[in-house]
Every structure is written in structure tokens, then in C-alpha cells.
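In: quick one, what's the 3D model for this:
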Amino acid sequence: MAGLEVGVDRLHPGRAPRVVVACGALESPALLLRSGIGGPAVGKHLRLHPCTAVGGQYESETRAWWGAPQAALVDEFANLGEGYGFLLEATQYATGTAAAATPFVSGADHKQAMSELPLGATFIGLIRDHGSGQVTIDEAGQAVPWYSLDDPRDVETSHRALEAQVRLHVAAGARRIAALATGMPEWRVGDDVDRYVERLKRVPLRAGGFRLFAAHQMGTCRMGADPQTSVANPYGELHDTPGVWIGDASAFPSASGTNPMITIMALAHRTGEAILTTAKTEAVTA
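Out: Below is the predicted model of the structure:
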């Protein structure tokens, strides 16, 4: 999609009177930027739920690739202040995913890690990010996301999440723990847990340090009342281009406090109802 040319004052015969933009929080802002609509907030306020991962090796097989993708989570730390915190989640992974995600130390180490995969279990610390990134477009009009985990609150939350992941593994009986970071820093039974936690906190939360993960892009065409800080009104219609609506997670005003699938569906349903109401009103007044 190169761009949009729609809006109440710019409709041509045969053009749709209403358009829903639902390309995801990375591509929706790129579409609006290419179209020159959406206002100054387009692409800003990118949230990702950045995650750290810590694996544990156990005495018996866990076969983490088997069963429900995500059967449990811990929400004890979901609110560490002002609604920001983290969730501890278990992960499901296949061999290929694990092989690609495991930081390379040596061929022998990598083969050993893969041979022990049936004994492993991995926890992630999914944080509700307070800081944000941005989506821009390059000379070809392609989406370019920018994000650094450097917000002080997010760094502190990530460190607390790392500690919680380690202590959960220890409590569950792990015989060895390894963080998904450069060099695969590890703990073994008998090692000092506190010292290991402090070691992990010294690993940078960036390339060359922790392998960070993110699956939930949000907020780049967010809803709000102020056209200077939001792209759409509280029901999802663009402030500057009536007839164009946001129908995906890019409309989130901020990061959700949990995995956002149900929220995305609920928000899309709500926006759909608003579109229907608007269409009915236009039909009556036409």
C-alpha cells in the first residue's frame, strides 16, 4: 500500500467513504506517513513489551515444545508503581526457535545446549514499558522502527524481572540456569544466587548484551483527545482525516499491562460499532 487519498473533503467518485487502517503498529504509521495524514504524533509512542529470557535445566524432561503455548503466568509484580511492572511467563518453543535464540559461544557449546533441550524450561519477564520508541519511513517509504530500552523505570523493571526469573528457577529445582545474553552467563547448584543476579544486572540491555524479545507492538497511531499527541480520537477516527479509522493495536494510548490479543479484539469491535453509528447518522442526515 503506497498511500491513502481519502477523507470527507477529498472523496472522488468510486472511492470508499470509510477506510480502516489495520496494518499493525509498525506498518499502520508507515502507511499514514506515506499518505501525509495523521498529524504530528504518527509513528511516535511505540511500545513493545520488551522481554528478557532466562532458561533453566532440570533433572527430568520438561519438553517445552509440547502442550499449550502458554499455560501459566505470574502477575505478582504487575504493578510496581503507577500501573507499571512485569509479568513472568512460561514459553513454548520448538527446536528451531531455541537454536536461533541461543547466543552462540562455540559449536560444541551450542550442540550441548541443543542436546539438553528436553530438560529445559524458559521464563520471560514481560514488562509494561514506560518509555517508548518510534516508527519512521525511509527514502523508499518502508517502515523503520526505532527502540532503545533505556528508560530508567524500564531498566529497573527489567532488572527486577531478571531477579524474579532466576529465583523462580531456583525455587522450582533447576540444577543449572543460563540467561539468554552474550556469553550465556550461568548459575549452577551451589553457586551464590545473589551474586549471579547482580552479574546479570550488569549485562547491558541492548545488542551485545541481553537477547531482548518483543511480540506486542502498540501505540504508534494512538487514540486521544489532543491532535498534537494522538493520531485518532477516542473512537479511532483520525483527527485530521474524517473517514479514516485505526483498527489495530497502534490505537492503544499506552502499553497494555498484559498480552494484548483480547484488548485488540475488543477495541476493534468498539471501533467497528463507532463506524456503524457514524454511517447510520450520515445516512439519516444525507
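
In: who's in contact with the residue nearest to Val105 when sequence neighbours are not counted?
Out: Nearest residue to Val105 in three dimensions, chain neighbours excluded: Met184, at 5.6 Å (CB to CB, 6 or more residues apart in numbering). Any C-beta I mention is one placed from the backbone N, CA and C, and that applies to glycine too. For Met184, the contacting residues are Thr102, Pro103, Val105, Asp109, Ala113, Ala178, by CB atoms under 8 Å, 6 or more residues apart in numbering.

In: one more: Tyr147?
Out: Applying CB under 8 Å, 6+ apart, the residues near Tyr147 are Leu46, Leu48, Pro50, Ser132, Gly133, Gln134, Ala214.

In: pretty sure the third one is touching Ile127, no?
Out: Yes - using CB atoms under 8 Å as the test, Pro50 is close enough to Ile127 to be in contact (6.1 Å).

In: who touches both of these two?
Out: Asp154, Ser158.

In: in the longest helix anywhere in the chain, what counts as buried?
Out: For the chain, the helix reaching the highest residue count under DSSP state H is reported as helix 261-285. Buried residues in helix 261-285, counted by 16 or more other CB atoms under 10 Å: Thr263, Ile264, Leu267, Ala268, Thr271, Ala274, Ile275, Thr278.

In: ok now the lowest-mean-pLDDT helix or strand in the chain, how far from the chain's centre?
Out: Each helix and strand of the chain was given a mean pLDDT (mean pLDDT, DSSP states H and E); the minimum falls on helix 95-101 at a mean of 85. Its chain's C-alpha centre and that of helix 95-101 lie 20 Å apart, by CA atoms, centre = their mean, to the nearest Å.

In: next one: stretch 231-238
Out: Chain-centre distance of stretch 231-238: 22 Å, with CA atoms, centre = their mean.

In: buried stuff in that stretch?
Out: Val231, Ala232, Asn233, Tyr235, Gly236, Glu237, Leu238.

In: mind listing what the first one touches?
Out: Taking CB under 8 Å, 6+ apart, we find Val231 in contact with 29, 32, 38-39, 41-42, 220-223, 238-239, 246, 250.

In: again, but for the second one
Out: With contacts defined as CB under 8 Å, 6+ apart, Ala232 is in contact with Cys221, Arg222, Met223, Gly224, Leu238, His239, Trp245, Ile246, Ala251.

In: got the residues you listed as JSON lines, with secondary structure, distance to Glu89 and pLDDT columns?
Out: Below are the contacts of Ala232 laid out as JSON lines (DSSP: H, G, I helix; E, B strand; the rest coil; distance: CB to CB, whole Å; pLDDT from 0 to 100):
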{"residue": "Cys221", "secondary structure": "coil", "distance to Glu89": "27", "pLDDT": "98"}
{"residue": "Arg222", "secondary structure": "coil", "distance to Glu89": "25", "pLDDT": "98"}
{"residue": "Met223", "secondary structure": "strand", "distance to Glu89": "27", "pLDDT": "98"}
{"residue": "Gly224", "secondary structure": "coil", "distance to Glu89": "29", "pLDDT": "98"}
{"residue": "Leu238", "secondary structure": "strand", "distance to Glu89": "34", "pLDDT": "98"}
{"residue": "His239", "secondary structure": "coil", "distance to Glu89": "36", "pLDDT": "98"}
{"residue": "Trp245", "secondary structure": "strand", "distance to Glu89": "32", "pLDDT": "97"}
{"residue": "Ile246", "secondary structure": "strand", "distance to Glu89": "27", "pLDDT": "98"}
{"residue": "Ala251", "secondary structure": "helix", "distance to Glu89": "24", "pLDDT": "98"}
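
In: ok, back up a step: most neighbours of all the contacts of Val231, which one?
Out: Thr220 (35 neighbours; other CB atoms under 10 Å).

In: let's see the pLDDT reported for that one.
Out: Looking at Thr220, its pLDDT is 98.

In: circling back to that earlier point, who does the least confident helix or strand of the chain touch, helix- and strand-wise?
Out: Using 3 or more CB pairs under 8 Å, 6 or more residues apart in numbering; DSSP states H and E as the contact test, the elements touching helix 95-101 are helix 107-115.

In: show me what the helix it packs on is packed up against.
Out: Applying 3+ CB pairs under 8 Å, 6+ apart, one finds that helix 107-115 contacts helix 95-101.

In: just the pLDDT for the residue lying closest to Arg175 once chain neighbours are set aside.
Out: For Arg175, ignoring the flanking residues on the chain, the nearest one in space by CB to CB, 6+ apart is Val189 at 5.2 Å. Looking at Val189, its pLDDT stands at 97.
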